[in-house]
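Participant: got a predicted structure plus its sequence, pasted below:
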Amino acid sequence: MNFRRIQGIFLIAFVILDIVLVISFFWGFWRVQSNSGQSVSQQAMLLRELKTDSITVPKLSNHQPRGYYISVNSSTDLGDEVTSLSRQSAYWSGTQITSTFNTAIANQKATIKSWLRSNSRIAHGQSYQVNQDFSTKSRLVYTQMIDDIPVLDATGRIQFRVSGQKLTGYTQTYLKGIKVLRQQVSAISSQQAIAVLYRHNEIPSNSKVIWLQYGFSKVSSSDNQDIYAPIWEAKVRDRSNNKTTYLRVNAITGTIIQTND
C-alpha cells in the first residue's frame, strides 16, 4: 500500500513538472515572439518617420554586436619595421609610415593580398582589410582589424595612392599594445544608432545615409594610453545643399559623439 502511494505521488509530481515545463516553454516562446514583433513594429515606425522626412537609409538590423572598450599605446614606433621594407622608399615620421613604391604595382586583389602577407612589403599587413566605404578613385583604404572589428578613424589605416590601374605608394598608421578594458556587453544595433541620430535631429530632412559602419574609434587619452570605444559611424549627405557630414554614436552608451568633420 505504501509503495503504491509513493508511486502515485511520483506520478502526480511528474505530471505537474511536465505541465510547468510546457507552460514555461510556451511562455518563453510568446515572449520571444512578442519582443520580435515589438522590434519589427519599432523599425517600421522609424522607417515611416524617416520616409516622411525624405530620409533614405541603408538596410537596418536589430542585431546587437558585441562591444567593449580597449586601450592602445599612445605612441607607436614602426621605425624598425621601416628599415626592413623592400621595393620601396619608406620612412617613419613619428606618426605614420609614408612609402613610395620603386615600381607601381597592379591595383588587383591578388597583388595587394600578396603584399599584405609579406612583412618585407608592408608592416603588419595581415592586420588590415579593405574598406570600400572609405575608398575613392584616388585612394584605396584598408582598415586595421581588432577581433574582426575595424578601426574607423585614421589611427589604424593603410591608404594606397591610386593612379590609373596602379598603386604608387601608401601611408600607414597602426595600433599597438591593445588591451580590453571592460567586460564584453551587447552594443546598440544599427537601427538604434539611426534612431538616436534621428531623434536628436542630427540627420536633416531630405538627406541620404550613404553608409553606416560599426567599429572602434578613439574617444579619450590618459597616461600614455588612448581609449577606444565601439561606435556606429554614418556618412550622411544633405540633398538640399549636397553637404556631407560624418555622424558618430557610442555603441555602448548610445550617446552622440561630437566630431569636427
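Facilitator: It's in.

Participant: show me the helices in the stretch 51-200 of the chain, by range?
Facilitator: With helices called from DSSP state H, counting those that start in this stretch, the stretch 51-200 of the chain shows them at 79-83, 109-117, 190-199.

Participant: can you give me the buried ones in the longest one?
Facilitator: Along helix 190-199, these residues count as buried under the neighbour rule (16 or more other CB atoms under 10 Å): 190-198. Backbone N, C-alpha and C define where each C-beta goes, glycine included.

Participant: between the helices of the stretch 51-200 of the chain, which gets nearest to Asp238?
Facilitator: With respect to Asp238, and counting by CB to CB, the nearest of the helices of the stretch 51-200 of the chain is helix 190-199 at 13.3 Å.

Participant: average pLDDT across that closest one?
Facilitator: Across helix 190-199, pLDDT averages out at 95.

Participant: got the contact list for that helix?
Facilitator: Here helix 190-199 makes contact (CB atoms under 8 Å, 6 or more residues apart in numbering) with 42-43, 46, 49-50, 55, 57, 60-63, 188, 203, 209, 212, 214, 232, 234, 247, 249, 251, 254-256.

Participant: can I get the buried part of the residues you listed as one PyMOL selection?
Facilitator: Remark: buried members of the contacts of helix 190-199, expressed as a PyMOL selection using 16+ other CB under 10 Å:
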select buried, resi 43+46+50+55+57+60+188+203+209+212+214+232+234+247+249+251
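
Participant: where does the prediction get shaky in this structure?
Facilitator: 1-40, 260-261 (pLDDT under 70).

Participant: which strand is the longest one in it?
Facilitator: Ranked by number of residues, the top strand in the chain under DSSP state E is strand 207-222.

Participant: show me what the very next helix or strand once past that strand is packed against.
Facilitator: Note on strand 207-222: by DSSP states H and E, the next helix or strand toward the C-terminus is strand 225-238. With contacts defined as 3 or more CB pairs under 8 Å, 6 or more residues apart in numbering; DSSP states H and E, the packing partners of strand 225-238 are strand 70-73, helix 190-199, strand 207-222, strand 243-250.

Participant: quick revisit: now the longest strand of the chain against helix 190-199, angle please.
Facilitator: Orientation check (axes from the mean of the first three to the mean of the last three CA atoms, to 10 degrees): strand 207-222 against helix 190-199 gives 100 degrees.
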